[in-house]
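In: no sequence on this one, just coordinates:
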Ligand code: F6P
């Protein structure tokens, strides 16, 4: 037992389609390299007080490739928090880190694979700084990690949101309504941009492109003038309001991560108020994180798992696997945990604009009169939401 070659793996932060594909990829590839694998339970929590893990074998990972969630469980807001807000470092409790070191030594681990988003990988980075042999795997539906073209889970979320748009399209057209779909993504607009493009969205509102209600309403009216009596609006949960605030679920407090959500209802209500046009909202929420991974995410997760083991074999600790098409590479974790936003001039945005998709930013004086705006300040709170003034972007561990 003491002399066997062994690696550990954990899945941290929010669940995400493709986590099990990574676990299976690690176990299979570790076997090829002569390692046995143990999986810590509930993310970082399983590393210490109490240490909880299971052996991972071919037998107990068979058939998990297509399953959503994670067989190891995960924790989003536990004892291990290394960030607050975007890129703001929070020091881990030194006693916890010392406990993790002891666990890694006592279990004779040659490496620990940490699968997570920006917040979870920030924890891995602090482990690395304390000499714990970690490698990272980029996970998040938000696709907001730098240095990798895509994170696994992203296309599964986009698939879900696209399917929702296909369905909303029929109701919108039948009833000549405006339908607003709110999607996740935190402070990046990737899901909204890709789903809006794939699902035939007419207006896409994302955090990276400032927009106005005049711009949105003008796009709806112009469609009507062309005989299109309905409009599909896709709004990212983190899209900033025209006056610079976010719509959130909780009251924002210092040192606390905000839960975004509610902007869809806010946008819908304002469209209806300004245009007098029947407008409905759908908030897709955690449906985007659930269910089976798409083909692409199974492939990406599997390859990430295999390459994470390779990094341990090569003793490239403190690195994260990245997909830089067509290659799988590695970058220092510290370089990967900064926010990867949609570039407002990127080719995906240009293509969308070329198709006539409106980002709510190209308002020109209308030849007709809208109802006057309620004033510049956004005061509506959404169903459960509260409008929050921007105080530095908040990002939560994933
Ligand atoms: O980061 C993934 C994500 O799903 C975000 O898109 C969303 O804002 C957040 O997690 C929701 O987190 P929770 O499940 O903790 O509410």
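Out: Alright, I've got the coordinates. Note that the structure is predicted; figures quoted are calculated from it, not measured. Residues are numbered from 1 along each chain as shown.

In: Enumerate the residues of this protein near the ligand.
Out: 14, 76, 117, 140-142, 184-186, 237, 259-260, 289, 398 (C-beta under 6 Å from any ligand atom). For the C-beta atoms, the positions are set from N, CA and C on the backbone; glycine is no exception.

In: and if we set it to 8 Å?
Out: Proximity of the chain to the ligand, by C-beta under 8 Å from any ligand atom, involves residues 13-14, 16, 76-77, 117, 140-142, 144, 157, 184-186, 191, 237-238, 259-261, 286, 288-289, 396, 398.

In: Just the ones of those residues in helices?
Out: Counting by DSSP state H, the residues of the chain next to the ligand place 157, 191 in helices.

In: just the buried members of the residues of the chain next to the ligand?
Out: Among the residues of the chain next to the ligand, those buried by neighbour count (16 or more other C-beta atoms under 10 Å) are 13-14, 16, 76, 117, 140-142, 144, 157, 184-186, 191, 237-238, 260-261, 288-289, 396, 398.

In: For the chain, give me the ranges with low pLDDT.
Out: Residue ranges of the chain with pLDDT under 70: 1-3, 85-87, 251-256, 363-398.

In: ok, which stretches of it are helices?
Out: Under DSSP H, the chain gives helices at 19-32, 58-61, 94-106, 118-129, 154-175, 190-198, 213-225, 263-275, 295-313, 333-336, 347-354.

In: Give me the distance from the last one to the chain's centre.
Out: Between the mean C-alpha location of helix 347-354 and the chain-wide mean there is a distance of 22 Å, by C-alpha atoms, centre = their mean, to the nearest Å.

In: list the buried ones in it?
Out: For helix 347-354, a neighbour-count test (16+ other C-beta under 10 Å) marks 349, 352 as buried.

In: what's in contact with that helix?
Out: With contact meaning C-beta atoms under 8 Å, 6 or more residues apart in numbering, helix 347-354 is reached by 193-194, 196-197, 204, 209, 342-343, 359.

In: Apply 6 Å and report the result again.
Out: Helix 347-354 is contacted by residues 193, 197 when judged by C-beta atoms under 6 Å, 6 or more residues apart in numbering.

In: Quick one: work out the angle between it and helix 190-198.
Out: 40 degrees (axes from the mean of the first three to the mean of the last three C-alpha atoms, to 10 degrees).

In: measure the closest residue to the ligand within the chain to residue 339 for me?
Out: Closest contact between the chain and the ligand, by C-beta to the nearest ligand atom, is at residue 184 (3.2 Å). Distance of residue 184 to residue 339, computed by C-beta to C-beta, to the nearest Å: 15 Å.

In: just residue 175 next, same as before
Out: 38 Å.

In: Looking at these two, which is more packed in?
Out: The neighbour comparison of residue 175 against residue 339 (other C-beta atoms under 10 Å) goes to residue 339, with 17 against 13.

In: got the helices of the chain as TSV, with distance to residue 324 columns?
Out: Shown next, in TSV, are the helices of the chain (distance: least, C-beta to C-beta, whole Å):
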stretch	distance to residue 324
helix 19-32	18
helix 58-61	27
helix 94-106	29
helix 118-129	17
helix 154-175	15
helix 190-198	17
helix 213-225	35
helix 263-275	33
helix 295-313	12
helix 333-336	12
helix 347-354	17
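
In: mind listing what's buried in stretch 325-332?
Out: 328, 330-331.

In: Stretch 169-185 too?
Out: Residues of stretch 169-185 classed as buried: 169, 172, 177-185 (neighbour count, 16+ other C-beta under 10 Å).

In: Pretty sure residue 280 is one of the things residue 271 touches, is it not?
Out: No: taking C-beta atoms under 6 Å as the definition, residue 271 is not a contact partner of residue 280, at 10.2 Å.

In: what about those two, which has more around it?
Out: residue 271 (23 against 17).

In: How about that one, nearest residue that isn't a chain neighbour?
Out: residue 279 (4.8 Å; C-beta to C-beta, 6 or more residues apart in numbering).

In: Enumerate every residue touching that neighbour.
Out: Contacts of residue 279 were listed using C-beta under 6 Å, 6+ apart, and they are 178, 268, 271-272.

In: any idea how far it lies from residue 180?
Out: Separation of residue 279 from residue 180 (C-beta to C-beta): 6 Å.

In: TSV for the contacts of residue 279, including distance to residue 315?
Out: TSV is the format used below for the contacts of residue 279 (distance: C-beta to C-beta, whole Å):
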residue	distance to residue 315
178	56
268	53
271	56
272	59
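
In: how deep is the nearest residue to residue 24 once chain neighbours are set aside tucked in, by neighbour count?
Out: Nearest non-adjacent residue to residue 24, counting by C-beta to C-beta, 6+ apart: residue 61, 4.7 Å away. For residue 61, the neighbour count with other C-beta under 10 Å is 19.

In: how much space is there between residue 61 and residue 221?
Out: Using C-beta to C-beta, residue 61 is found at 55 Å from residue 221.

In: try residue 136
Out: To residue 221, residue 136 is 48 Å away according to C-beta to C-beta.

In: got the domain boundaries for this protein?
Out: Here the domain parsing of the chain from automatic domain parsing is 6-152+293-340, 156-289.

In: Show the contacting residues for residue 233.
Out: The contact partners of residue 233, by C-beta under 6 Å, 6+ apart, come to 180, 203.
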